[in-house]
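Asker: Any chance you could fold what I've pasted below:
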Amino acid sequence: MSDFLSAFFDDLPQLRSGLWVTLRATVLGALLALLLSFVLGLMSVSRLLVLRGVSRVVVEFFRGTSLYIQLFWLYYAMPPLTGYELTPLLCGVVAFGLNYGAYGSEVVRGAVNSVPRAQYEAAVALNMTPLRRMRKVILPQAWVQMIPSFTNLLIQLLKCTPLLWLISAADLMTVIQQLRDRTGETLTAYMTLLVAYFVLAYALTLLMNLLERSAKRRLGLQTGAGSLLRGRSAAEAVASTAGGAR
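Answerer: All right, here's what the predicted structure looks like:
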(Lines give C-alpha, C1' and ligand atoms only; values in the text may rest on other atoms or scores of the structure.)
Protein backbone atom coordinates (compact mmCIF):
# COMPACT_ATOMS: atom_id res chain seq x y z
CA MET A 1 0.00 0.00 0.00
CA SER A 2 2.87 2.37 0.79
CA ASP A 3 4.25 1.88 -2.73
CA PHE A 4 0.89 2.80 -4.24
CA LEU A 5 0.49 5.89 -2.04
CA SER A 6 3.99 7.04 -2.89
CA ALA A 7 3.35 6.62 -6.60
CA PHE A 8 -0.08 8.25 -6.17
CA PHE A 9 1.36 11.46 -4.76
CA ASP A 10 4.23 11.46 -7.25
CA ASP A 11 1.73 11.30 -10.14
CA LEU A 12 -0.70 13.93 -8.88
CA PRO A 13 -0.45 16.01 -12.10
CA GLN A 14 -1.43 12.95 -14.17
CA LEU A 15 -4.23 12.16 -11.72
CA ARG A 16 -5.60 15.70 -11.98
CA SER A 17 -5.44 15.43 -15.75
CA GLY A 18 -7.27 12.08 -15.68
CA LEU A 19 -9.91 13.49 -13.33
CA TRP A 20 -10.39 16.46 -15.66
CA VAL A 21 -10.93 14.11 -18.62
CA THR A 22 -13.52 12.15 -16.63
CA LEU A 23 -15.34 15.32 -15.60
CA ARG A 24 -15.32 16.71 -19.14
CA ALA A 25 -16.66 13.46 -20.57
CA THR A 26 -19.41 13.45 -17.93
CA VAL A 27 -20.46 17.08 -18.29
CA LEU A 28 -20.24 17.31 -22.08
CA GLY A 29 -21.90 13.91 -22.53
CA ALA A 30 -24.68 14.96 -20.15
CA LEU A 31 -25.24 18.26 -22.00
CA LEU A 32 -25.50 16.45 -25.34
CA ALA A 33 -27.80 13.86 -23.79
CA LEU A 34 -29.99 16.60 -22.30
CA LEU A 35 -30.31 18.32 -25.68
CA LEU A 36 -31.20 15.07 -27.44
CA SER A 37 -33.60 14.16 -24.64
CA PHE A 38 -35.68 17.25 -25.25
CA VAL A 39 -35.46 17.09 -29.04
CA LEU A 40 -36.45 13.42 -29.25
CA GLY A 41 -38.87 13.61 -26.32
CA LEU A 42 -40.81 16.56 -27.75
CA MET A 43 -40.79 14.95 -31.19
CA SER A 44 -42.40 11.87 -29.65
CA VAL A 45 -45.38 13.91 -28.39
CA SER A 46 -45.78 15.81 -31.64
CA ARG A 47 -48.99 15.56 -33.65
CA LEU A 48 -46.96 14.84 -36.77
CA LEU A 49 -46.64 11.14 -37.44
CA VAL A 50 -43.30 11.51 -39.22
CA LEU A 51 -41.71 13.22 -36.20
CA ARG A 52 -43.03 10.58 -33.84
CA GLY A 53 -41.78 7.85 -36.17
CA VAL A 54 -38.27 9.31 -36.49
CA SER A 55 -38.06 9.77 -32.72
CA ARG A 56 -39.15 6.18 -32.04
CA VAL A 57 -36.65 4.69 -34.50
CA VAL A 58 -33.72 6.69 -33.09
CA VAL A 59 -34.66 6.00 -29.47
CA GLU A 60 -35.15 2.27 -29.97
CA PHE A 61 -31.90 1.96 -31.91
CA PHE A 62 -29.71 3.56 -29.28
CA ARG A 63 -31.56 1.94 -26.37
CA GLY A 64 -31.42 -1.45 -28.08
CA THR A 65 -27.70 -1.47 -28.86
CA SER A 66 -24.83 -1.66 -26.39
CA LEU A 67 -23.02 1.50 -25.31
CA TYR A 68 -19.84 -0.58 -25.44
CA ILE A 69 -20.44 -1.35 -29.14
CA GLN A 70 -21.47 2.23 -29.93
CA LEU A 71 -18.22 3.50 -28.41
CA PHE A 72 -16.10 1.02 -30.33
CA TRP A 73 -18.00 1.70 -33.55
CA LEU A 74 -17.37 5.45 -33.32
CA TYR A 75 -13.68 4.98 -32.53
CA TYR A 76 -12.70 2.02 -34.71
CA ALA A 77 -15.35 1.52 -37.42
CA MET A 78 -16.32 5.07 -38.35
CA PRO A 79 -12.86 6.32 -39.52
CA PRO A 80 -12.48 3.71 -42.31
CA LEU A 81 -16.06 4.37 -43.45
CA THR A 82 -16.05 8.18 -43.35
CA GLY A 83 -12.40 9.18 -43.38
CA TYR A 84 -12.90 11.19 -40.18
CA GLU A 85 -11.24 10.17 -36.93
CA LEU A 86 -12.56 11.44 -33.61
CA THR A 87 -10.43 11.87 -30.51
CA PRO A 88 -11.09 9.35 -27.71
CA LEU A 89 -12.72 12.02 -25.55
CA LEU A 90 -15.00 13.20 -28.35
CA CYS A 91 -15.97 9.60 -29.13
CA GLY A 92 -16.94 9.15 -25.51
CA VAL A 93 -18.97 12.37 -25.41
CA VAL A 94 -20.87 11.46 -28.60
CA ALA A 95 -21.51 7.86 -27.50
CA PHE A 96 -22.66 8.89 -24.02
CA GLY A 97 -24.82 11.67 -25.42
CA LEU A 98 -26.56 9.45 -27.98
CA ASN A 99 -27.11 6.55 -25.61
CA TYR A 100 -28.34 8.48 -22.60
CA GLY A 101 -30.19 10.97 -24.78
CA ALA A 102 -32.32 8.07 -26.00
CA TYR A 103 -33.15 7.07 -22.43
CA GLY A 104 -33.69 10.69 -21.41
CA SER A 105 -36.18 11.25 -24.23
CA GLU A 106 -38.52 8.77 -22.55
CA VAL A 107 -38.20 10.77 -19.33
CA VAL A 108 -39.21 13.93 -21.21
CA ARG A 109 -42.10 12.20 -22.99
CA GLY A 110 -43.46 10.72 -19.77
CA ALA A 111 -43.16 13.97 -17.81
CA VAL A 112 -44.87 16.04 -20.51
CA ASN A 113 -47.70 13.52 -20.81
CA SER A 114 -48.19 13.47 -17.03
CA VAL A 115 -48.99 17.19 -16.79
CA PRO A 116 -52.73 17.40 -15.97
CA ARG A 117 -54.96 17.94 -18.99
CA ALA A 118 -56.54 20.92 -17.25
CA GLN A 119 -53.25 22.79 -17.61
CA TYR A 120 -53.37 22.40 -21.40
CA GLU A 121 -57.00 23.51 -21.48
CA ALA A 122 -56.29 26.57 -19.35
CA ALA A 123 -53.42 27.59 -21.61
CA VAL A 124 -55.64 27.20 -24.69
CA ALA A 125 -58.34 29.27 -22.99
CA LEU A 126 -55.77 32.03 -22.49
CA ASN A 127 -55.16 31.97 -26.26
CA MET A 128 -51.50 30.93 -25.93
CA THR A 129 -49.66 29.69 -28.98
CA PRO A 130 -48.48 26.04 -28.87
CA LEU A 131 -44.86 27.17 -28.37
CA ARG A 132 -45.71 29.58 -25.58
CA ARG A 133 -48.01 26.99 -24.02
CA MET A 134 -45.20 24.47 -23.90
CA ARG A 135 -42.60 26.97 -22.66
CA LYS A 136 -44.66 28.77 -20.03
CA VAL A 137 -47.09 26.15 -18.75
CA ILE A 138 -46.18 22.56 -19.61
CA LEU A 139 -42.38 22.38 -19.41
CA PRO A 140 -42.01 24.18 -16.03
CA GLN A 141 -44.28 21.56 -14.45
CA ALA A 142 -42.78 18.65 -16.38
CA TRP A 143 -39.22 19.77 -15.59
CA VAL A 144 -39.67 19.16 -11.85
CA GLN A 145 -40.74 15.60 -12.62
CA MET A 146 -37.79 15.02 -14.94
CA ILE A 147 -35.03 15.96 -12.51
CA PRO A 148 -35.01 12.80 -10.31
CA SER A 149 -34.83 10.55 -13.37
CA PHE A 150 -32.23 12.78 -15.00
CA THR A 151 -30.20 12.53 -11.78
CA ASN A 152 -30.17 8.74 -12.06
CA LEU A 153 -29.13 8.92 -15.72
CA LEU A 154 -26.37 11.41 -14.89
CA ILE A 155 -24.91 9.10 -12.25
CA GLN A 156 -25.10 6.16 -14.64
CA LEU A 157 -23.31 8.21 -17.28
CA LEU A 158 -20.55 9.05 -14.79
CA LYS A 159 -20.16 5.36 -13.95
CA CYS A 160 -19.77 4.55 -17.66
CA THR A 161 -16.80 6.91 -18.14
CA PRO A 162 -14.26 4.15 -17.25
CA LEU A 163 -15.14 2.68 -20.66
CA LEU A 164 -12.95 5.47 -22.08
CA TRP A 165 -10.00 3.44 -20.90
CA LEU A 166 -10.84 0.89 -23.61
CA ILE A 167 -10.25 3.46 -26.36
CA SER A 168 -7.03 4.83 -24.81
CA ALA A 169 -8.48 8.01 -23.31
CA ALA A 170 -6.35 9.27 -20.43
CA ASP A 171 -9.21 9.38 -17.90
CA LEU A 172 -9.10 8.69 -14.17
CA MET A 173 -9.51 4.95 -14.72
CA THR A 174 -6.52 4.90 -17.10
CA VAL A 175 -4.24 6.73 -14.68
CA ILE A 176 -5.19 4.51 -11.72
CA GLN A 177 -4.76 1.41 -13.89
CA GLN A 178 -1.25 2.55 -14.79
CA LEU A 179 -0.46 3.03 -11.10
CA ARG A 180 -1.80 -0.45 -10.38
CA ASP A 181 0.35 -2.00 -13.12
CA ARG A 182 3.43 -0.19 -11.82
CA THR A 183 2.96 -0.98 -8.13
CA GLY A 184 1.02 -4.25 -8.22
CA GLU A 185 -1.40 -2.87 -5.60
CA THR A 186 -4.70 -4.07 -7.06
CA LEU A 187 -6.84 -3.74 -3.91
CA THR A 188 -5.64 -0.22 -3.08
CA ALA A 189 -5.99 0.95 -6.68
CA TYR A 190 -9.56 -0.19 -7.10
CA MET A 191 -10.52 0.99 -3.62
CA THR A 192 -9.24 4.43 -4.62
CA LEU A 193 -11.42 4.31 -7.73
CA LEU A 194 -14.47 3.30 -5.68
CA VAL A 195 -14.01 6.25 -3.33
CA ALA A 196 -13.31 8.70 -6.17
CA TYR A 197 -16.41 7.76 -8.16
CA PHE A 198 -18.56 7.75 -5.03
CA VAL A 199 -17.45 11.30 -4.16
CA LEU A 200 -18.09 12.49 -7.73
CA ALA A 201 -21.51 10.81 -7.86
CA TYR A 202 -22.57 12.25 -4.52
CA ALA A 203 -21.45 15.74 -5.52
CA LEU A 204 -23.53 15.49 -8.71
CA THR A 205 -26.50 14.25 -6.69
CA LEU A 206 -26.31 17.27 -4.38
CA LEU A 207 -26.16 19.62 -7.37
CA MET A 208 -29.20 17.97 -8.95
CA ASN A 209 -31.08 18.12 -5.63
CA LEU A 210 -30.32 21.85 -5.52
CA LEU A 211 -31.63 22.21 -9.07
CA GLU A 212 -34.81 20.31 -8.14
CA ARG A 213 -35.33 22.51 -5.11
CA SER A 214 -34.97 25.65 -7.24
CA ALA A 215 -37.41 24.32 -9.85
CA LYS A 216 -39.99 23.54 -7.17
CA ARG A 217 -39.72 27.00 -5.68
CA ARG A 218 -40.55 28.50 -9.06
CA LEU A 219 -43.79 26.51 -9.01
CA GLY A 220 -44.58 27.57 -5.45
CA LEU A 221 -44.01 24.08 -4.02
CA GLN A 222 -42.67 23.74 -0.51
CA THR A 223 -39.16 22.38 -0.05
CA GLY A 224 -37.49 21.57 3.25
CA ALA A 225 -33.84 22.18 4.06
CA GLY A 226 -33.24 18.43 4.20
CA SER A 227 -34.31 17.99 0.57
CA LEU A 228 -30.75 18.65 -0.58
CA LEU A 229 -29.47 15.60 1.24
CA ARG A 230 -32.44 13.28 0.91
CA GLY A 231 -32.85 10.98 -2.08
CA ARG A 232 -36.03 11.52 -4.07
CA SER A 233 -37.87 9.05 -6.23
CA ALA A 234 -39.57 9.93 -9.49
CA ALA A 235 -42.91 8.88 -7.99
CA GLU A 236 -42.55 11.40 -5.18
CA ALA A 237 -41.75 14.17 -7.64
CA VAL A 238 -44.77 13.33 -9.78
CA ALA A 239 -47.10 13.31 -6.78
CA SER A 240 -45.81 16.59 -5.36
CA THR A 241 -45.95 18.37 -8.72
CA ALA A 242 -49.48 17.18 -9.42
CA GLY A 243 -50.53 18.45 -6.04
CA GLY A 244 -48.98 21.85 -6.75
CA ALA A 245 -50.68 22.01 -10.14
CA ARG A 246 -54.07 21.49 -8.57
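Asker: tell me the contacts of residue 182?
Answerer: Taking CB atoms under 8 Å, 6 or more residues apart in numbering, we find residue 182 in contact with residue 7. For glycine as for every other residue, the C-beta is placed from the backbone atoms N, C-alpha and C.
Asker: what's the neighbour count on residue 210?
Answerer: Residue 210: 12 surrounding residues under other CB atoms under 10 Å.
Asker: give me the element it is part of.
Answerer: Assigned by DSSP states H and E, residue 210 falls within helix 186-218.
Asker: Same question for residue 71.
Answerer: Using DSSP H and E, residue 71 falls in helix 67-72.
Asker: which parts of that helix are buried?
Answerer: For helix 67-72, the neighbour count (16 or more other CB atoms under 10 Å) marks 67, 70, 71, 72 as buried.
Asker: ok, so of those residues, who is nearest residue 90?
Answerer: residue 71 (11.4 Å; CB to CB).
Asker: how about that closest one, what does it touch?
Answerer: 91, 92, 95, 163, 166, 167.
Asker: quick one: which of those residues sit in helices?
Answerer: Among the contacts of residue 71, DSSP state H puts 91, 92, 95 in helices.
Asker: and the closest residue to residue 43 other than its chain neighbours, what element?
Answerer: Setting aside the residues directly before and after it, residue 43 is nearest to residue 55 in space (CB to CB, 6 or more residues apart in numbering), at 3.9 Å. For residue 55, the host element (DSSP H and E) is helix 49-64.
Asker: which residues touch that helix?
Answerer: Counting by CB under 8 Å, 6+ apart, 40-41, 43-46, 70, 98-99, 101-103, 105-106 sit against helix 49-64.
Asker: one more time with 6 Å
Answerer: Residues from elsewhere that reach helix 49-64 (CB atoms under 6 Å, 6 or more residues apart in numbering): 40, 43, 44, 46, 98, 99, 102, 105.
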